[in-house]
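> Structure of the sequence below:
(chains A and B)
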Amino acid sequence: MRFRTIDELEDALREAEYLPDRGLSTALFLSLALEKPLLLEGEAGVGKTEAAKALAAALEAHLIRLQCYEGLDVAHAVYEWNYPRQLLHIRAAQEGTVSEAELFGPDFLIRRPLLEAIDSDGPVVLLIDELDRADEEFEAFLLEILSDFQITIPEIGTIKARRRPAVVVTSNRTRDLHDALKRRTLYHWIGHPGMERELEIVKLRVPGVPERLAAEAAAFVRGLRGLELAKPPGVAETIDWAHALAALGRQELDAEVVEQTLGSVLKYREDIEAVRDVALARLVEEARATARS
Amino acid sequence: MPGDALVRHVVTFGRVLHEAGLEVGPGRVQDALCGLDAVELTSQDDVYWTLRQTLVSRHDELDLFDRAFRAWFLRSPVVPPLRGVPVRQARPESLERSGPGADDRSESADGRSIVLGASTREILREKDFAEMTPDEFQRAKQLVAAIAQARPRRTSRRRYPDPRGEVLDIRRLVRRSLRTGGDPVDRPFRARKSVPRKLVLLCDVSGSMALYTRALLLFLHAAVGSGRGVEAFAFGTRLSRLTPDLSRRDPEAGLDRATAAAVDWGSGTRIGASVKELNDVYGRRALTRGAVVVVLSDGWEREDCVLLGREMARLQRAAYAVIWVNPIKGSPDYQPLAGGMQAALPFVDRFLPGHNLRSLEELAAVLAGIERRRAA
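Okay, here's the model as predicted:
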């Protein structure tokens, strides 16, 4: 393996502009060391997908992403035959004969993410994003692939991974994943980052943002998470918001600009109303005080 | 591999977690040992994360793990774990009263000996749950289980081969036209299949529902057993998830614990707060999105009717349809006078009684054929 210690991996992730906490870097490190897929869960916007991207960058590996959705099947996840080309080929060879082996050979094969990840020569990070959105039939199928890293195409034969891809699976917990799948994966829950780390992340991802503004924004978002909201903002929202505030040329936070830009942080009408009517002034004050200390 | 002492330590810790209710098998312990081999053992942080990521696989287990870790490795005073706490003294009244102790053991015996005349069955169907004798209740039990098999359905996004389908199955079409020199003589089709829709059941287990909770919980148990995609909750003063307990074959013990967790004795029903918790915790995970949600309650909100109305509106926006089952509605002169009921009704798609077997059959029929009445 490329990294001998967790610290080495952490440094490489930082270089890829991703700031993991110790828990996440341990999880990624173990996933590489034990060659086991890593299941990441957490609220929306805490950086599950970003973690896989950063891992690919740190490993200098090719990132292959499979976005899951209901009805996702083998034809879209693994491989499909190129039917239009096959038909044309049959037509073109009308006079001669076309053998089935020719027609169902590598030339006519469309490689989808899972096949691509298994049948790859270079290092690969395979991201299976939002697996909870796929249906259970697909989950069962994926289980097979994740246990022996090989794919059988009836017409061609079995393709075995020459090197195991690093696998990151994410889920938003819209349903419980199957226990059999969980048994084959390491598990990590990503929580909201602490105040200091969130500030670091904002400064890294929004270059040129005034220090004071970034600190106040991070503190304000932290305050929001303490309220009872339908959808508390994640780091992704903090970054978006900091971008918006910086674009407005702000140096610091005040109630007026917060009210104007609240839509980048809160995505539900009820949440925006609740904050605007009740807590806004207090949260701004607290955020300014926290940032100063 | 790490040293013998450590191996024993981790294996024992795995067993402790297993005792505490986590699903820790030999595979996980093996992973934990391999993991510890790869990290710095002197760093408490790294050891913690390694054990947590290899031994835990669900978010709900994190708290339990943390406590066990503190107790085992950090030698802090042991806080009693959540599971395994005897809560029998806090049994809901209804579960206690009807057929004490007889139910579990005689279950298989019932299975053999049930022979009901048509007219007795008819009488049983009409009889109010609150007035049933323990014997009648035993017989009703099986009928409830059969009724609860009804599931709302929806069209899957996935297509299956179907000669009456509307979309050409290109894959098979090409395969077949090989035989005919590329001419698509035989045209196979694919269609979307109908699959069960998510079903979320919320049962009021507070004191005012005491006469009905036992029958309704039976209904919940059978519904959860009918297949995947069913979630069950109990609520009184707060919400408590029942699904894991109801998934077992013999749910009685788990039910006692879960329903006890939903009720603070002596304080009133907080339906609004419970629905809010459902929206906040489970709605955010899209558990209720596109689901048929059934609330089984008499609508006696003791605290905040405004909150109940607001949270029911939220629930209705996420759900495909909301059904309210009220056992009191079975009475002929029932009027929805309870403040909570009035606040909730504008956000309920179907309002049904639930006091006897016939009304549960009606609920099953509604579930099987339900369609959205509002614009999406």
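
> Run a quick neighbour tally on whatever residue of chain A ends up closest to chain B.
Taking CB to the nearest CB, chain B has its nearest neighbour within chain A at residue A:71, 3.2 Å off. Bear in mind the C-beta positions are built from the backbone N, C-alpha and C, glycine included. For residue A:71, the neighbour count with other CB atoms under 10 Å in any protein chain shown is 16.

> Isn't residue A:191 up against residue A:42?
Yes - under the criterion of CB atoms under 8 Å, residue A:191 makes contact with residue A:42 at 6.6 Å.

> Looking only at neighbour counts, state which of those two leads.
Neighbour totals were compared for residue A:191 and residue A:42, and residue A:42 leads with 21 against 12 (other CB under 10 Å).

> confidence score at that one?
On the pLDDT scale, residue A:42 is placed at 89.

> Name the SS class of the residue of chain A closest to chain B, please.
coil (DSSP: H, G, I helix; E, B strand; the rest coil).

> low pLDDT regions in the stretch 201-350 of chain B?
B:249-254, B:265-267 (pLDDT under 70).

> interface residues of the stretch 1-150 of chain A facing chain B?
With the criterion set to CB under 8 Å from any CB of the partner chain, the stretch 1-150 of chain A comes near chain B through A:5-6, A:22-23, A:26-27, A:29-30, A:33-34, A:36, A:38-39, A:41, A:43, A:69-71, A:73, A:75, A:80-81, A:83, A:86-87, A:90-91, A:94, A:98, A:100, A:103, A:135-137.

> Next, count neighbours for the residue in the stretch 201-350 of chain B that chain A sits nearest to.
As assessed by CB to the nearest CB, chain A sits closest to residue B:286 within the stretch 201-350 of chain B, at 3.9 Å. As a burial measure, residue B:286 scores 18 neighbours (other CB under 10 Å).

> That one and residue A:133 touch, don't they?
No - taking contacts as CB under 8 Å, residue B:286 lies outside contact range of residue A:133: 9.2 Å.

> Identify the contacts common to the two.
Common neighbours of residue B:286 and residue A:133, using CB atoms under 8 Å, 6 or more residues apart in numbering or on different chains, are A:172, A:174.

> Residue B:130: neighbour count?
Applying other CB under 10 Å, we find 14 residues neighbouring residue B:130.

> Angles on the backbone of it, please.
When read as degrees, to the nearest 10, the backbone of residue B:130 gives phi -70, psi -20.

> and what of residue B:235?
Per-residue torsions, residue B:235: phi -150, psi 150 (degrees, to the nearest 10).

> quick one: contacts for the nearest residue to it once chain neighbours are set aside?
What sits nearest to residue B:235 in space, not counting adjacent residues and going by CB to CB, 6 or more residues apart in numbering or on different chains, is residue B:274, at 3.6 Å. Residue B:274 is in contact with B:202, B:233, B:235-239, B:262, counting by CB under 8 Å, 6+ apart.

> Give me the most central residue, chain A.
residue A:49 (1.0 Å; CA atoms, centre = their mean).

> Take the residues of the stretch 1-150 of chain A next to chain B and, keeping just the buried ones, write it as a ChimeraX select command.
Here is the ChimeraX selection string for the buried members of the residues of the stretch 1-150 of chain A next to chain B, based on 16 or more other CB atoms under 10 Å in any protein chain shown:
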select /A:6,23,26,27,29,30,33,34,36,38,39,41,43,71,73,80,81,83,86,87,90,98,103,135
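
> Would you map the strands across the stretch 101-250 of chain B?
For the stretch 101-250 of chain B, the strands defined by DSSP state E, counting those that start in this stretch occupy B:153-161, B:167-168, B:189-196, B:199-204, B:230-235, B:239-241.

> hang on, the earlier thing: save the contacts of residue B:274 as TSV, and put in neighbour count too.
Below are the contacts of residue B:274 laid out as TSV (neighbours: other CB atoms under 10 Å in any protein chain shown):
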residue	neighbour count
B:202	24
B:233	24
B:235	27
B:236	28
B:237	20
B:238	15
B:239	22
B:262	22
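
> tell me which of the residues you listed is nearest to residue A:266?
Residue A:266 has its nearest neighbour among the contacts of residue B:274 in residue B:239, at 24.3 Å by CB to CB.

> ok now the helix or strand harbouring residue A:86, how far from the chain's centre?
Secondary structure from DSSP states H and E places residue A:86 in helix A:83-92. Helix A:83-92 sits 38 Å away from the centroid of its parent chain (CA atoms, centre = their mean, to the nearest Å).

> residues making contact with that helix?
Contacts of helix A:83-92 (CB under 8 Å, 6+ apart): A:98, A:103, A:108, B:170-171, B:173-174, B:177-178, B:181-182.

> quick revisit: and the contacts of residue B:274 as a markdown table, adding distance to residue A:226?
Formatted as a markdown table, these follow (distance: CB to CB, whole Å):
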| residue | distance to residue A:226 |
| --- | --- |
| B:202 | 27 |
| B:233 | 26 |
| B:235 | 25 |
| B:236 | 27 |
| B:237 | 23 |
| B:238 | 20 |
| B:239 | 21 |
| B:262 | 26 |
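
> Reformat the strands of the stretch 101-250 of chain B as CSV; add distance to residue B:72.
Below are the strands of the stretch 101-250 of chain B laid out as CSV (distance: least, CB to CB, whole Å):
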stretch, distance to residue B:72
strand B:153-161, 46
strand B:167-168, 57
strand B:189-196, 42
strand B:199-204, 37
strand B:230-235, 32
strand B:239-241, 27
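
> Let me know which of those strands is the nearest to residue A:257.
strand B:239-241 (38.0 Å).

> Is there a neighbour count for residue B:197? I'd like the number.
By the criterion of other CB under 10 Å, residue B:197 has 18 neighbours.

> Would you agree it is in contact with residue B:293?
No - counting by CB under 8 Å, residue B:293 is not a contact partner of residue B:197; they are 10.9 Å apart.

> And for the residue of chain B found nearest chain A, the neighbour number?
As assessed by CB to the nearest CB, chain A sits closest to residue B:157 within chain B, at 3.2 Å. Neighbour count of residue B:157, defined by other CB under 10 Å: 14.

> Repeat that for the one 3 residues further on.
Here the number of neighbours of residue B:160 (other CB under 10 Å) works out to 11.

> residues in contact with it?
Contacts for residue B:160 (CB under 8 Å, 6+ apart) come out as B:190-193.

> same thing but at 7 Å, please
Neighbouring residues of residue B:160 by CB atoms under 7 Å, 6 or more residues apart in numbering or on different chains: B:190-191, B:193.

> what's the burial count for residue 232?
Since you didn't name a chain, this refers to chain A. When neighbours are defined as other CB under 10 Å, residue A:232 has 22 of them.

> Wait, chain B was what I had in mind.
Neighbour number of residue B:232 under other CB under 10 Å is 25.

> Test my guess that it contacts residue B:242.
Yes - look at residue B:232 against residue B:242 with CB atoms under 7 Å: they come within range, at 4.3 Å.

> Need the overlap of contacts for these two.
Joint contacts of residue B:232 and residue B:242 (CB under 7 Å, 6+ apart) are residue B:220.

> now the strands for the stretch 151-293 of chain A?
Using DSSP E, counting those that start in this stretch, strands in the stretch 151-293 of chain A cover A:157-160, A:166-171, A:186-190.

> okay if I get these as CSV plus distance to residue B:138 and mean pLDDT?
Shown next, in CSV, are the strands of the stretch 151-293 of chain A (distance: least, CB to CB, whole Å; pLDDT from 0 to 100):
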stretch, distance to residue B:138, mean pLDDT
strand A:157-160, 56, 92
strand A:166-171, 42, 96
strand A:186-190, 43, 95
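
> want to throw these into CSV with mean neighbour count and distance to residue B:368?
Below are these laid out as CSV (neighbours: other CB atoms under 10 Å in any protein chain shown; distance: least, CB to CB, whole Å):
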stretch, mean neighbour count, distance to residue B:368
strand A:157-160, 12, 44
strand A:166-171, 25, 30
strand A:186-190, 23, 37
